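In: Need a 3D model of the following:
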Amino acid sequence: MHIAVAGNIGSGKTTLTRLLSKHYNWEAKYEEVDHNPYLSDFYNDMPRWSFNLQVFFLNQRFKGIVDIQRSQMNVIQDRTIYEDAMIFAPNLHTMGLMSSRDFENYRSLFELMISLVKPPDLLIYLKSSIPNLVSQIHKRGREFESGIRIDYLSGLNDRYEKWITSYSDSKLLIVDVDENKFEDRIEDLRIVIDKIDAQLHGLF
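Out: Okay, the predicted model is just below:
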């Protein structure tokens, strides 16, 4: 079984992945952030490093999915391969932070990769407002995220909302993290878990 958690920067993907991994006793696959060789440079100079960053993420995400499908283990995954191609790269291109040449090269690589792997059994989308995202980003205090522009974050959120309305590759659960504070309230986490069980096992 493969559950993937999707959502904007600061929406709580890593936290929910950790909590669900503990609850179900499944393996957690986390996004590569602290050891990403491009992330700090990217936030300081987006046009120069956008293509490098996105190819790094795409490579890591593809390797992660291949590992998941080879292992046959039950896995909770922090962020999906779809988000790179449907959210982050197009947003950079639209903002003029990635050239058309690099973007087309990137999309061609993504299309090849996605044709070789299966989608998750369940996608959990963490829906959030911009003020909530900003609050959570400040709360966790990662230095390389201090330079994130509000227009960049807003552009990502708009694309997430558009993407998720047309997502049909697997079962989908949407969690509004403005209202559901699963990190701080056990009853909210229980609501999420009950909805996951209903999606995976048909429990009502």
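In: What distance do you get for the most centrally placed residue in the chain to residue 17?
Out: The residue lying closest to the centre of the chain (CA atoms, centre = their mean) is residue 79, at 2.9 Å. With distances taken as CB to CB, to the nearest Å, residue 79 is found 9 Å from residue 17. Where you see a C-beta, it was placed from the backbone N, CA and C, and this is true even at glycine.
In: can you list residues touching both of these two?
Out: By CB atoms under 8 Å, 6 or more residues apart in numbering, residue 79 and residue 17 have these common neighbours: residue 5.
In: Point out where this structure drops to low pLDDT.
Out: Applying pLDDT under 70 to the chain flags the ranges 32-34, 141-147, 203-204.
In: I'd like to know which elements the longest helix that it contains is packed against.
Out: Secondary structure assigned by DSSP state H gives helix 46-71 as the longest helix of the chain. Applying 3 or more CB pairs under 8 Å, 6 or more residues apart in numbering; DSSP states H and E, one finds that helix 46-71 makes contact with strand 27-29, helix 39-44, strand 75-78, helix 81-83, helix 89-94, helix 100-114.
In: What helix or strand is the closest residue to residue 140 other than its chain neighbours located in?
Out: Once flanking residues are discounted, residue 140 sits nearest to residue 10: 7.5 Å by CB to CB, 6 or more residues apart in numbering. Here residue 10, judged by DSSP states H and E, is contained in no helix and no strand.
In: Thank you, goodbye.
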